[in-house]
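In: Provided below for reference: sequence and predicted model.
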Amino acid sequence: MATYKLNINKKMYEVEAEPDTPLLWVIRDKVGLKGTKFGCGAAHCGVCTILFNGFPIKSCTLAVAAVTPEIEITTIESTDFKNLKVVQDAWTKVQAPQCGYCQSGQILTAVSLLNQNPTPSDADINTAMTAVLCRCGTYPRIKKAIKTASQELNA
């Protein structure tokens, strides 16, 4: 076991874990933030997506030993990340989720997209969002939520 300092949602956490423990399990089991979900465990589905210095990464295959305290990790539980609230409100407004399991990964990916490109085209949205799979097929509502958030941000 080793001790790691993690900057999650602008709060420092000190945790003990084996160096090869996936960051997903450290976030869920050691820190207690349950919004990041387990999907495939092989970085294929994107359900475990978090933001790593503002960019989406899949936390199920990233070893905790690869994370330093300087790296800002953002999970769906964040209350202070640029545009997260706007995207969450758009998700609710258009009723984007069906079962909701993939939504934390979807929302964080959308937030990263809008932070980089506040007026994404349909192609931009399609490209960014292919990283997170939705078994329910709510892609049209997800795209509508992203467009709604974009309109809010650019009003």
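Out: Looks like it arrived, so ask away.
In: Straight-line length of stretch 110-123, end to end?
Out: 13 Å (CA to CA, to the nearest Å).
In: who's in contact with Thr79?
Out: Applying CB atoms under 8 Å, 6 or more residues apart in numbering, one finds that Thr79 lies in contact with Asn9. All C-beta spots, glycine's among them, are computed from the backbone N, C-alpha and C.
In: tell me the phi and psi of it?
Out: phi -110, psi 0 (degrees, to the nearest 10).
In: Please report the distance of it from Thr49.
Out: 18 Å (CB to CB, to the nearest Å).
In: Quick check: phi and psi at the closest residue to Lys147 other than its chain neighbours.
Out: Once flanking residues are discounted, Lys147 sits nearest to Ile125: 7.6 Å by CB to CB, 6 or more residues apart in numbering. With angles defined as degrees, to the nearest 10, Ile125 sits at phi -60, psi -50.
In: My guess is Ile125 contacts Thr109. True?
Out: No. Look at Ile125 against Thr109 with CB atoms under 8 Å: they stay out of range, at 10.0 Å.
In: Between the two, which is the more surrounded one?
Out: Using other CB atoms under 10 Å as the criterion, Ile125 and Thr109 rank with Thr109 on top: 24 against 21.
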